[in-house]
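**Q** the following block contains a protein sequence and its predicted model.
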Amino acid sequence: MRAIEATAPGGPDVLRLVDRPDPVPGPGQLLVRVAAAGVNFIDTYRRAGVYPMPFPHVVGSEGAGTIVAAGTGSGEFAVGDRVAWAQAPGSYAELALVESRQALAVPAGVSDLVAAALPLQGLTAHYLATSTFPVTAGQDVLIHAGAGGVGLLLTQLAVARGARVITTVSSAAKEGLSRGAGASDVVRYDTLADLTTELPAIVRGLTGGAGVHTVFDGVGKTTFDASLASLRPRGGLALFGASSGPVPPVDPQRLNSGGSLFLVRPTIGHFIATREELTWRADELFAAVTAGTLDVRVGASFALADAADAHRDLEGRATTGKVVLIP
């Protein structure tokens, strides 16, 4: 099979298209012919060595495709079934091994591209809105990178739960996408001279001086201070990513002086730790897609061989919605 390998820690240039032996499924594993693989920031962190990984390694952990072989004890799945997944190492490939306990049945009517685009970012949006800081009717929430993959999905989920959503974006085109997802107000942070002071002032102006109940921040270093300053007393900041870099150490007294604030750094694995929780979240997402109430935007697709270009565009913030690779 062909696969994309990260040869050493580094930039996108370390990605190489290689030939590898076809995997063989063991007990509880599914061998899937990959129709599309999701491209995510976590892939870039692993490629760069920010997250410890063995090198070389086949990149990627998300995708969708059709089962071509199954090991013993593969449960509800059989050859020919369409599945998607969020956590299967080595997904930038023509074939991937997926643990059956991590596989998601793809409903009829959901395309392979949408099925590949939804798991990681959709599950993230779902756990943020329903579990980390549950969004309720009448709340004001701030979502950074509102035109990104998580941002577009999280905006729709928050609006569906009755919240008023304020987002940040970096261009007029992204503003249009964010408003289309349901954002009531969109802040162009590319027009701000000082994000740290100007964004909180804008947010408080939009909320009668109170600030928002919750900030969902996947950007990190460049937005963190503004996020804390945009919260009302007893508000919560969910820092779920670091696309602009990691946040420096924080003095807990900042949470006190900001108004008894809550700060959490969630990760997806703790919110899909059981099969029951994983399928609950996935079933709700797929049901919303098939009902037409959740739009999954695939902003760009690349050939498998062009994975380095996909990483460059993602890290350069040149993308909207989801980026996928087509083997």
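**A** Right, received. Where do you want to start?

**Q** all contacts plus neighbour counts: C-alpha atoms, from now on.
**A** Noted.

**Q** wait, doesn't A137 sit right on G162?
**A** Yes. Counting by Cα atoms under 8 Å, A137 touches G162, with 3.9 Å between them.

**Q** what's the domain layout of this protein?
**A** With domains defined by automatic domain parsing, the chain comprises 2-118+296-326, 121-268.

**Q** adding distance to E276, write the ones you listed out as CSV.
**A** Shown next, in CSV, are the domains of the chain (distance: least, Cα to Cα, whole Å):
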stretch, distance to E276
domain 2-118+296-326, 10
domain 121-268, 13
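
**Q** would you reformat those domains as a markdown table and include distance to F286 and mean pLDDT?
**A** As requested, those are exported to a markdown table (distance: least, Cα to Cα, whole Å; pLDDT from 0 to 100):
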| stretch | distance to F286 | mean pLDDT |
| --- | --- | --- |
| domain 2-118+296-326 | 7 | 96 |
| domain 121-268 | 9 | 97 |
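
**Q** and of these, who's closest to E284?
**A** E284 lies closest, by Cα to Cα, to one member of those: domain 121-268, at 8.8 Å.

**Q** start to end distance for that closest one?
**A** One end of domain 121-268 to the other measures 10 Å (Cα to Cα, to the nearest Å).

**Q** residues near the nearest residue to T66 once chain neighbours are set aside, how many?
**A** Distance criterion Cα to Cα, 6 or more residues apart in numbering; nearest residue to T66, sequence neighbours excluded, is R82 at 4.5 Å. As a burial measure, R82 scores 24 neighbours (other Cα atoms under 10 Å).

**Q** check contacts around R82.
**A** A64, G65, T66, I67, A105, V106 (Cα atoms under 8 Å, 6 or more residues apart in numbering).

**Q** ok, how many other residues are close to the third one?
**A** Just to be clear, that refers to T66. T66 has 21 neighbours, counted by other Cα under 10 Å.

**Q** that one reaches V83, doesn't it?
**A** Yes. Judged on Cα under 8 Å, T66 makes contact with V83 at a distance of 6.2 Å.

**Q** on contacts alone, who are the packing partners of the lengthiest strand in the chain?
**A** Longest strand of the chain, by residue count under DSSP state E: strand 29-39. Packing contacts for strand 29-39, counted by 3 or more Cα pairs under 8 Å, 6 or more residues apart in numbering; DSSP states H and E, involve strand 63-70, strand 95-99, helix 112-117, strand 322-326.

**Q** need those in JSON lines with distance to R297, can you?
**A** JSON lines is the format used below for the helices and strands packed on strand 29-39 (distance: least, Cα to Cα, whole Å):
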{"stretch": "strand 63-70", "distance to R297": "15"}
{"stretch": "strand 95-99", "distance to R297": "24"}
{"stretch": "helix 112-117", "distance to R297": "8"}
{"stretch": "strand 322-326", "distance to R297": "6"}
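
**Q** which parts of the helix or strand where T279 lies are buried?
**A** T279 belongs to helix 275-291 when elements are defined using DSSP states H and E. Using 16 or more other Cα atoms under 10 Å as the test for burial, helix 275-291 gives L278, T279, R281, A282, D283, L285, F286, V289.

**Q** re the thing from before, so for G209, which of the helices and strands packed on strand 29-39 sits nearest?
**A** Of all the helices and strands packed on strand 29-39, strand 322-326 sits nearest to G209, with 34.5 Å by Cα to Cα.

**Q** coming back round to it: now for the helix holding T279, which elements pack on it?
**A** Counting contacts by 3+ Cα pairs under 8 Å, 6+ apart, helix 275-291 is packed against helix 119-127.
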